[in-house]
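S.K.: Sequence and predicted model, in that order:
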Amino acid sequence: MRIAVILPCYNEEAAIADTVAGFRSALPDATIYVYDNNSRDRTAEIARAAGAVVRTERQQGKGHVVRRMFADVDADVYVMADGDLTYDPKAAPEMVRMLLDEQLDMVVGTRQHEVADAYRGGHVIGNKLFTGLLARLFGRSFSDIFSGYRIFSRRFVKSYPVLSEGFEIETEMSVHALELRMPVGELETAYGARPEGSTSKLSTYRDGWRILKTIGTLYRVERPVLFYGGIGALLVVAAIILAIPLVLTYLDTGLVPRFPTAILATGMVIIAVLCFFAGLILDTVTRGRREMRRLAYLAHPAASVAQK
């Protein structure tokens, strides 16, 4: 069983050595990879000295790093975490065991923070809001969609087309698993504060807006009937509201005095019908894409099968 620990890093010289040592102790047979994303400090040098395999990704952003890691690293089980020592390496063996014993494709480490500095209050509220939004739009969700502590099977990694560029990568992973009906699980893990000298790279408002746009884009792509049908329904309702006074006036006088309003209402209904049929056509395309992704996913054996 080949286990790879993959750590995307950007300016983590204060924590990377302890992070590598922690996963080395928890998973002594695993190969630890540190992917340096244009760090301006000694992250790569310290990680190499700690015994990790260090590689570089020049395109800035966590999504770019994850795409490179998934493409380059060949293993049966992938353990992904951050290089800031906020995730507990001691939880990794239990998460790997859960993945193998239950034949899952992804296990998410749900963050349980006991230190006030570990998780800002605004981020807790944002996490709950986005998690609820994802559940409402896609029918299912995870308890912590933004957790970067995840265990993957080989068939998840090698069938997942990474399209995100930044911190919205976790949202894209979650939607990918939900849309393909993959067997997934969650396990509560401790989440600690960053060590002294380590700073967060997350921008609350900028990255929050990018995540919101990602959810909207994924909903448009994966649920075209509901997305475009919803737009069409709103247009029909607006057209009816505009048309009611015209209809009442026509019934009383036999005249239509406001032609521009009548033309506007008619145009809105026509656009609504076009939106509805666009949703139907795109739904057929989406179904074909989903079938192809499912076939690519099934082309790779599960980790438990590979172990045997």
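M.R.: Okay, I see it.

S.K.: Phi, psi for Asn11 please.
M.R.: phi 60, psi 60 (degrees, to the nearest 10).

S.K.: swap in the one 4 residues further on?
M.R.: Backbone torsions for Ala15, taken as degrees, to the nearest 10, come to phi -130, psi -20.

S.K.: As a check, name the ranges of all strands in the chain.
M.R.: Remark: strands assigned in the chain by DSSP state E are 3-9, 31-36, 53-56, 77-80, 106-113, 150-153, 184-191.

S.K.: Go through the ones you listed and find the least confident stretch.
M.R.: Mean pLDDT per stretch puts strand 106-113 lowest among these, at a mean of 88.

S.K.: quick check: angle from that strand to strand 184-191?
M.R.: 30 degrees (axes from the mean of the first three to the mean of the last three C-alpha atoms, to 10 degrees).

S.K.: Give the pairing partners of strand 106-113; include direction for each.
M.R.: strand 150-153 (antiparallel), strand 184-191 (parallel) (DSSP bridges).

S.K.: Figure out which of these is closest to Leu295.
M.R.: Closest to Leu295 of the strands paired with strand 106-113 is strand 150-153 (C-beta to C-beta; 16.4 Å). The C-beta positions use only the backbone N, C-alpha and C, and glycine is treated the same way.

S.K.: tell me the phi and psi of the residue nearest to Asn38 when sequence neighbours are not counted?
M.R.: Counting by C-beta to C-beta, 6 or more residues apart in numbering, Gln60 is the residue found nearest to Asn38 once chain neighbours are left out, at 5.8 Å. Per-residue torsions, Gln60: phi -80, psi 130 (degrees, to the nearest 10).

S.K.: what number of residues lie near Gln60?
M.R.: Counted with other C-beta atoms under 10 Å, residues neighbouring Gln60 total 13.

S.K.: I'd like the distance between it and Val54.
M.R.: Using C-beta to C-beta, to the nearest Å, Gln60 is found at 17 Å from Val54.

S.K.: repeat for Thr189
M.R.: Thr189 is 25 Å from Val54, by C-beta to C-beta.

S.K.: higher neighbour count, the two?
M.R.: Thr189 (23 against 20).

S.K.: how deep is the closest residue to Arg194 other than its chain neighbours tucked in, by neighbour count?
M.R.: Counting by C-beta to C-beta, 6+ apart, Arg194 lies nearest to Asp84, which is 5.2 Å off, once chain neighbours are set aside. Neighbourhood size, Asp84 [other C-beta under 10 Å]: 25.

S.K.: give me the number of residues near the residue nearest to Gly279 when sequence neighbours are not counted?
M.R.: Nearest residue to Gly279, sequence neighbours excluded (C-beta to C-beta, 6+ apart): Tyr228, at 3.4 Å. The tally of other residues near Tyr228 (other C-beta under 10 Å) stands at 22.

S.K.: And Gly51, by the same measure?
M.R.: The number of residues near Gly51, taken as other C-beta under 10 Å, comes to 13.

S.K.: Tell me who's in contact with it.
M.R.: Val20, Arg24, Ile32 (C-beta atoms under 8 Å, 6 or more residues apart in numbering).
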